[in-house]
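> From the sequence below, what's the structure:
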Amino acid sequence: MNIDKSQIRNASTVIVIRDRHENPSILMGQRGAQAVFMPNKFVFPGGALDVGDAHIPLANPLPDTCLNRLAEDADASLAHALAVAGIRELWEETGLILGEKGAWQGTPPADWETFAQRGYLPSAAPMQFVFRALTPPGRPRRFDARFFLVDADDVATNLDDFDAACDELSHLQWVALSDARSFDMPFITEVVLAEVEARAKELTPPESVPFFKNNDEESLFLRLRGRPMTG
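Here you go, the predicted model:
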């Protein structure tokens with residue numbers, strides 16, 4: 001059965017890496033047993049784009065290299081919303097803030113009230129676009145997910161304080177990168193982990209980004225090298 005592309009939701013996931021040059025660890029949490037998508041699995045913070053994400057101001061945009069890679073085989077106008085969604089999901093699911101000190105112009109939307117109350121504006125400058133994956137056909141939900149790697153040093157708040165997190169992820173913890181595969185995680189998370197391990201000590205966005213593209217005809221493993229930027 002073919003699934004209408006309108007049923008595939010764009011999504012954003014953030015992988016926070018800590019102590020990348022010595023003993024790297026990554027932030028993960030466990031999805032609930034009743035979750036429709038990937039129940040009980042250990043995952044990175046992330047989720048689908050909200051309509052309002054496109055209208056949230058950023059203190060700083062994504063790096064140009066990331067914008068270029070995000071524009072390939074996709075609507076280039078999505079890049080801003082993808083960055084915002086990743087920052088929002090990180091905040092909602094972990095209580096960690098990726099942002100800079102600053103005042104909002106006007107009243108922030110409900111999803112951002114507590115973020116703004118802390119005195120921060122979201123900032124996408126530290127985000128590295130490192131992976132893209134399309135959920136295979138036949139799953140109860142399908143996502144076109146972009147994965148962003150963020151150095152923990154760029155998180156503005158206490159890395160061990162998850163008190164502001166919602167209850168979507170339990171057992172939030174810093175997992176040693178070398179031990180991560182011992183956790184029960186989705187297949188695609190394992191694939192992304194391999195990319196994170198390869199890039200653990202890289203401080204600049206990659207020149208090409210893996211794209212695990214599953215459609216109704218075939219599964220392809222591609223590389224996104226960007227498209228010429230106009231302007």
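
> distance between the longest helix belonging to the chain and the chain's centre?
Determined from DSSP state H, the single longest helix within the chain is helix 78-94. The chain centre lies 7 Å from the centre of helix 78-94; the measure is CA atoms, centre = their mean, to the nearest Å.

> For that helix, what does the pLDDT average out to?
The average of the pLDDT scores along helix 78-94 is 97.

> Pull out the buried positions in the following helix or strand past that helix.
Downstream of helix 78-94, the next assigned helix or strand under DSSP states H and E is strand 99-101. By 16 or more other CB atoms under 10 Å, the buried positions in strand 99-101 come out as 99-100. The way it works is simple: take the backbone N, C-alpha and C, and place the C-beta from them, glycine included.

> Could you tell me how far the closest residue to Gly46 other than its chain neighbours is located from Leu90?
Leaving out its chain neighbours, the residue that sits closest to Gly46 by CB to CB, 6 or more residues apart in numbering is Thr13, at 3.1 Å. Going from Thr13 to Leu90 by CB to CB, to the nearest Å gives 9 Å.

> more neighbours, the two?
A count of neighbours by other CB atoms under 10 Å puts Leu90 above the other of Thr13 and Leu90, at 29 against 25.

> Any stretches of this structure with poor pLDDT?
1-6, 33-39, 216-217, 227-231 (pLDDT under 70).

> how much space between the residue nearest to Gly46 and Gly102?
25 Å.

> Over to Gly47?
24 Å.

> Which one's more surrounded, the two?
Gly47 (20 against 14).

> That one is in what secondary structure piece?
strand 46-48.

> What strands line up against that strand, and which way round?
Paired with strand 46-48 in the same sheet, following DSSP bridges, are strand 8-18 (antiparallel).

> Taking helix 78-94 as reference, get the angle to the strand it pairs with.
60 degrees (axes from the mean of the first three to the mean of the last three CA atoms, to 10 degrees).

> what packs against whichever helix or strand comes after strand 8-18?
Scanning forward in sequence from strand 8-18 by DSSP H and E, the next helix or strand is strand 25-31. Packing partners of strand 25-31 (3 or more CB pairs under 8 Å, 6 or more residues apart in numbering; DSSP states H and E): strand 8-18, strand 42-43, helix 78-94, strand 169-176.
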